[in-house]
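K.L.:
One predicted model, sequence on top.
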Amino acid sequence: KAGVTQTPRYLIKTRGQQVTLSCSPISGHRSVSWYQQTPGQGLQFLFEYFSETQRNKGNFPGRFSGRQFSNSRSEMNVSTLELGDSALYLCASSLGGENSPLHFGNGTRLTVT
Amino acid sequence: GESVGLHLPTLSVQEGDNSIINCAYSNSASDYFIWYKQESGKGPQFIIDIRSNMDKRQGQRVTVLLNKTVKHLSLQIAATQPGDSAVYFCADNGGSQGNLIFGKGTKLSVKP
């Protein structure tokens, strides 16, 4: 069974631009969560989607948004990029039930210049 | 907010020795815990999980111990191999659904 796939692997953007990242979950998984990973803050939760609905959201500004499609694939968007948005963005999928383990992709490395 | 923390940022062990990676969590309501391994350039890889109704769980060469009294979690790796070199994270479900609270990570280095 294929794992979680994230595209693209690397992105370079300039301040003020926007970016869209894509995630394809493991087949049969209905929940997709997004995390931001930085050396200083570690792994921080962005949001979680289940059956096309956002179930939970972390403490990030409204510039960070996401959505999930009927095939469970998910995208996240960051608008008006700031230098501090440079990070590894990780997507994780799970079956979606309580205490289902998250399975992560290899992430998208975003660099904002 | 509450978070999971780690006692040691780095751990260096000799190949073949056992490794113990420790973790403290702060949310007494947390009832599900996971260990992840992250190699350079990759996303976190699921190792093992444990629910709060257990105090020990074993996998292949790994054992997780949970002490709810002192809110402490540990990962034991038997016969550590060079391929075990990575950063190890513990996480708990102190957040909401799909929201795991991660520790900062412990870097394990295995000397041949």
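P.N.:
Done, it's in. Numbers count the residues shown, from 1 in each chain, chains lettered A, B, ... in the order given.
K.L.:
So which bits of the helix or strand hosting residue B:75 are buried?
P.N.:
Counting by DSSP states H and E, the element that carries residue B:75 is strand B:72-77. For strand B:72-77, the neighbour count (16 or more other Cβ atoms under 10 Å in any protein chain shown) marks B:73, B:74, B:75, B:76, B:77 as buried. (Each C-beta comes from the backbone N, C-alpha and C, glycine too.)
K.L.:
now stretch A:24-39
P.N.:
A:24, A:25, A:26, A:29, A:30, A:31, A:32, A:33, A:34, A:35, A:36, A:37.
K.L.:
do you know how far the second one is from residue A:93?
P.N.:
When Cβ to Cβ, to the nearest Å is applied, the distance between residue A:25 and residue A:93 equals 3 Å.
K.L.:
wait, does stretch B:39-54 contact chain A?
P.N.:
Yes - Stretch B:39-54 is in contact with chain A by Cβ under 8 Å from any Cβ of the partner chain, via B:41, B:42, B:43, B:44, B:45, B:46, B:49, B:51.
K.L.:
distance between the ends of that stretch?
P.N.:
This stretch, stretch B:39-54, spans 28 Å end to end (Cα to Cα, to the nearest Å).
K.L.:
quick check: mean pLDDT across that stretch?
P.N.:
Here stretch B:39-54 scores 95 as its mean pLDDT.
K.L.:
where's that stretch relative to the chain centroid, distance-wise?
P.N.:
7 Å (Cα atoms, centre = their mean, to the nearest Å).
K.L.:
Stretch A:97-113 too?
P.N.:
The mean C-alpha position of stretch A:97-113 is separated from the chain mean by 6 Å, Cα atoms, centre = their mean.
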